[in-house]
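my questions concern the predicted model and sequence given below.
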Amino acid sequence: MAALIIKTIDNRYSQQVVDLILPIQQIEFQVPVTLADQPDLQDIDNFYITPGGGFWGAFEGDLLVGTIALIATGHNAGAIRKMFVRKEYRGRETGVAQQLLDKLIQYSHQQHINDLYLGTVDILKAALRFYERNGFNVVSKKDLPSYFPVMSADNVFYHRHLL
């Protein structure tokens with residue numbers, strides 16, 4: 001594996017983001033979600049960056065191999081979204097997911113974001129273990145703050161207070 005580069009990405013990368021995420025959602029995990037359900041993928045700037053969040057990509061050369069995004073929700077909090085890694089780049093060996101999460105947490109500290117929330121689906125067992133290893137705790141949907149943007153497909157929710 002060549003050197004991995006983590007960088008901020010914007011609307012110029014929208015098609016690469018769609019080409020990475022949709023097959024993972026629809027084909028690999030059979031999550032019933034379409035591009036129409038995710039307008040944020042085609043307007044990264046306005047959904048993530050302009051309001052104070054971010055969107056990062058992991059690249060091996062020109063190939064986008066992973067993504068993670070942060071919605072700045074106000075209240076010194078943020079919502080993690082769009083954490084996806086190509087199958088052949090997953091796992092501790094490559095460290096792609098960890099590097100992406102570390103970048104998001106570093107940015108959160110800089111922005112005085114103290115609480116991170118995320119939603120995911122229970123069939124993504126490796127993702128659940130990854131979040132728990134990284135200090136995220138399961139919270140019930142009813143205990144999420146009112147400002148957390150719930151996605152309809154999500155059925156497991158996590159919170160981590162940053163120190």
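Great, that's in hand.

can you give me the neighbour number for Asn76?
Neighbourhood size, Asn76 [other Cβ atoms under 10 Å]: 13. Where C-beta positions appear, they are placed from N, C-alpha and C, glycine not excepted.

quick one: Glu93 from Ile21, how far?
Noted for Glu93: a distance of 22 Å to Ile21, by Cβ to Cβ, to the nearest Å.

compare those two (neighbour count), which wins?
Neighbours per residue (other Cβ under 10 Å) separate Glu93 from Ile21, with Ile21 holding more: 19 against 8.

on contacts alone, who are the packing partners of the top helix by length along the chain?
The helix spanning the most residues in the chain, taking DSSP state H as the definition, is helix 96-110. In terms of contacts (3 or more Cβ pairs under 8 Å, 6 or more residues apart in numbering; DSSP states H and E), helix 96-110 is packed against strand 4-8, strand 54-60, strand 63-74, strand 77-85, strand 115-120.

just the mean pLDDT for that helix, thanks.
Mean pLDDT, computed over helix 96-110, is 98.

residues making contact with it?
Contact with helix 96-110 is made by 4, 6, 54, 56, 58, 65-68, 70, 78, 80, 83, 85, 89-90, 92, 113-114, 116, 130, 134, 162, as judged by Cβ atoms under 8 Å, 6 or more residues apart in numbering.

which among those count as buried?
4, 6, 54, 56, 58, 65-68, 70, 78, 80, 83, 85, 89-90, 113, 116, 130 (16 or more other Cβ atoms under 10 Å).

please report how far the closest residue to Ala3 other than its chain neighbours lies from Thr67.
Among residues not flanking Ala3 along the chain, Glu60 sits closest, at 7.7 Å (Cβ to Cβ, 6 or more residues apart in numbering). As for Glu60, its distance to Thr67 is 13 Å (criterion: Cβ to Cβ).

so who does the nearest residue to Lys7 once chain neighbours are set aside touch?
Spatial nearest neighbour of Lys7, chain neighbours left out: Gly57 (6.2 Å); criterion: Cβ to Cβ, 6+ apart. Counting by Cβ under 8 Å, 6+ apart, Gly57 touches Ile6, Lys7, Ile9, Tyr13, Gln16, Val17, Leu64, Gly66, Thr67.
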